[in-house]
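1. Need coordinates for the below:
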Amino acid sequence: MPATPVKRISPQNLNLKEEVVAINRVTKVVKGGKNLSFSALVVVGDPEAKVVGYGTGKAKEVPAAIKKGIEAAKKNLRKVNVLGTTIPHPVLGKFGKGLVLLKPAPEGTGVIAGGPVRAVVQAAGIPNVVTKSIGSHNPHNVVKAAIDALEQLRDRQTVADLRGIPVDQL
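-> Numbering: from 1, shown residues only. Below is the predicted model:
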């Protein structure tokens, strides 16, 4: 299926909450020694509006890196299709060697996810879902694979339009 263009979502009227997924200390070796900086991976989302995004930031200090990551994530927001309190169908997201499987769960199950996937799912406002992270455990790849999985979710109207049939025949 061809990739659908992502419509830009304005962060001004959203109640965004942010979560830092990973902070990495990075050094660059130069002639005068080592330059130390920090890289931060941040996930932001509005659980009520079902909007989520991620971003990375680099700076000499941790708070500045987190702030840059939040600003990058606000420019990268996406809408997520949900069905009540869970997702409409199972989906497998891929990025690099990171794979994330998302499966619908009944009411009361909660978010069964670890680390980076939990941050993405909670920021998106999905209260009941079962996940499995397969392959790479690199937080950057896992977050991007989880976002890819959430982008693949389709609602009934979109599926009916793609198939060219009315919604009641699905």
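
2. which other residues reach stretch 45-53?
-> Residues from elsewhere that reach stretch 45-53 (CB atoms under 8 Å, 6 or more residues apart in numbering): 9, 14-17, 43-44, 73-82, 120, 122-126, 147, 150. Where C-beta positions appear, they are placed from N, C-alpha and C, glycine not excepted.

3. 7 Å instead?
-> For stretch 45-53, the external contacting residues (CB atoms under 7 Å, 6 or more residues apart in numbering) are 9, 14-17, 43-44, 73-74, 76-80, 82, 120, 123-125, 147, 150.

4. pretty sure K94 is touching A145, no?
-> Yes. Taking CB atoms under 7 Å as the definition, K94 is a contact partner of A145 at 5.7 Å.

5. Between these two, which has more neighbouring residues?
-> A145 (29 against 16; other CB atoms under 10 Å).

6. Confirm that the more buried one sits in a helix.
-> Yes. Under DSSP: H, G, I helix; E, B strand; the rest coil, A145 falls within a helix.

7. That one is in contact with L102, isn't it?
-> No. With contact defined as CB under 7 Å, A145 does not count as touching L102 (10.0 Å).

8. Show me the domain layout of the chain.
-> With domains defined by automatic domain parsing, the chain comprises 17-78, 81-169.

9. can you give me phi and psi for P139?
-> Dihedral pair for P139: phi -60, psi -40, per degrees, to the nearest 10.

10. residues contacting it?
-> V21, A22, L41, P116.

11. measure the third one to H140 for me?
-> Read that as L41. 6 Å (CB to CB, to the nearest Å).

12. These two - which one has more neighbours?
-> L41 (26 against 19).

13. Backbone dihedrals for that one, both of them.
-> According to degrees, to the nearest 10, L41 has phi -110, psi 120.

14. Wait, it touches A22, no?
-> Yes. If you go by CB under 7 Å, L41 and A22 touch, sitting 4.4 Å apart.

15. Quick check: pLDDT value at the residue nearest to P104 when sequence neighbours are not counted.
-> Leaving aside its chain neighbours, P104 sits nearest to T86 (4.4 Å; criterion: CB to CB, 6 or more residues apart in numbering). If you check T86, the pLDDT there is 93.

16. what's the answer for A3, then?
-> Among the per-residue scores, A3 shows a pLDDT of 55.

17. tell me which residues of the helix or strand encompassing V20 are tucked away?
-> Assessed by DSSP states H and E, V20 sits inside strand 17-30. For strand 17-30, burial by neighbour count (16 or more other CB atoms under 10 Å) applies to E18, E19, V21, A22.
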